[in-house]
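# Provided below for reference: sequence and predicted model.
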Amino acid sequence: MGQNKALIEIEGVPIINRIYDLFKELFEEVIIVTNHAASFKNFRSKILQDLIPDRGALGGLYTGIYFSSFQYSFCVACDMPFINKSLVQYLFENIRGHDADVIVPRTKDGLQPLHAIYSKNCLAPIKRIIQEGSYRIIDFYKMVGVKIVDEKDFLFMDPCRQSFVNVNTPEELVSVTSRKKLGLK
C-alpha cells in the first residue's frame, strides 16, 4: 500500500480507530502489535513489538497471545475496517462446551485466521512452526484443537461478509470506499 494500512482512513476514520473503538466496547484489554509504536502512542492499550521479528502476521499473533492477560484472545488484522460486533460475540459463545484452542470462521473464501480467537495453548505450536520455517497461521492448527464456525451459522449477522473485508491494495481501498459512498455493503 505504500503506507501503514492501519492508518488508512475509511469515511474519515483510520481503520485502527474503528477497530480500537469496537474492541474497547467488547474487551477489558486491547493489545496493538506493531513495528511502528510511535504511530499508536495515543491509544490507551499495550503497544508491543514482535517477540519473534520478521515473521509477519504469525509473529504478531504470537506476541499478542503471549502478552494477553487472558486465556483467550480475539485477534484481527489491522486492515479490517468493518468488523461486526455481533459476530465477534458469537465467536466467543463458541468457546463454551468445546475443547478448542482456536475458534475460526470459515467463509466461502476459506478459513479466516486473522479474524479468530486463540488460546494461550497456541503459543508453543506457533513457536514450533516458526522454528520449522513456516509462517502461515493455519500451519499450526493441526497441533491444537480447532473449532471451525461455518458461515451458514453466522451469515445472518453479516450477510455481505463485511467483517472479512481487508484493504491490502490501492484497488481494494477504492473498491471499499466506492461501495460505501454508494451505500452498498
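Here it is on my side, so go on.
# how about the strands in the chain?
9-10, 13-14, 31-33, 46-48, 72-76, 102-107, 110-111, 115-119, 146-150 (DSSP state E).
# from the chain's centre, how far out does the second one sit?
Here strand 13-14 shows a centroid-to-chain-centroid distance of 17 Å under the convention C-alpha atoms, centre = their mean, to the nearest Å.
# which elements pack onto it?
Counting contacts by 3 or more C-beta pairs under 8 Å, 6 or more residues apart in numbering; DSSP states H and E, strand 13-14 packs against no other helix or strand. In short, each C-beta sits where N, CA and C put it, glycine included.
# circling back: weakest of the strands of the chain by average pLDDT?
The weakest mean pLDDT among the strands of the chain belongs to strand 9-10, with a mean of 88.
# can you give the strand pairings for it, parallel or anti for each?
Strand 9-10 has the following sheet partners, assigned by DSSP bridges: strand 13-14 (antiparallel).
# identify the residues contacting the partner strand?
Under the criterion C-beta atoms under 8 Å, 6 or more residues apart in numbering, residues Ala6, Leu7, Ile8 lie in contact with strand 13-14.
# now those residues as a markdown table including distance to Thr63?
A markdown table is the format used below for those (distance: C-beta to C-beta, whole Å):
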| residue | distance to Thr63 |
| --- | --- |
| Ala6 | 15 |
| Leu7 | 20 |
| Ile8 | 22 |
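# buried ones among the residues you listed?
Buried residues within the contacts of strand 13-14, defined by neighbour count using 16 or more other C-beta atoms under 10 Å: Ala6, Ile8.
# spit out the contact partners of the residue most central in space within the chain.
Nearest to the mean C-alpha position of the chain, by C-alpha atoms, centre = their mean, lies Val76 at 0.8 Å. Applying C-beta under 8 Å, 6+ apart to Val76 gives the contacts Ile19, Ile83, Leu114, His115.
# what of Met157?
Counting by C-beta under 8 Å, 6+ apart, Met157 makes contact with Asn84, Ser86, Leu87, Tyr90.
# equivalent analysis for Ile129, please.
Counting by C-beta under 8 Å, 6+ apart, Ile129 touches Leu58, Tyr135, Asp139, Phe140, Met143.
# before we move on, the earlier item: who does the residue nearest to the centre of the chain bridge with?
For Val76, the beta-bridge partners are His115 (DSSP bridges).
# how close does it sit to Leu91?
Distance, Val76 to Leu91, by C-beta to C-beta, to the nearest Å: 11 Å.
# count the residues that sit near the closest residue to Ser69 other than its chain neighbours.
Computed as C-beta to C-beta, 6 or more residues apart in numbering, the closest residue to Ser69 that is not its neighbour in sequence is Glu29, at 5.4 Å. When neighbours are defined as other C-beta atoms under 10 Å, Glu29 has 13 of them.
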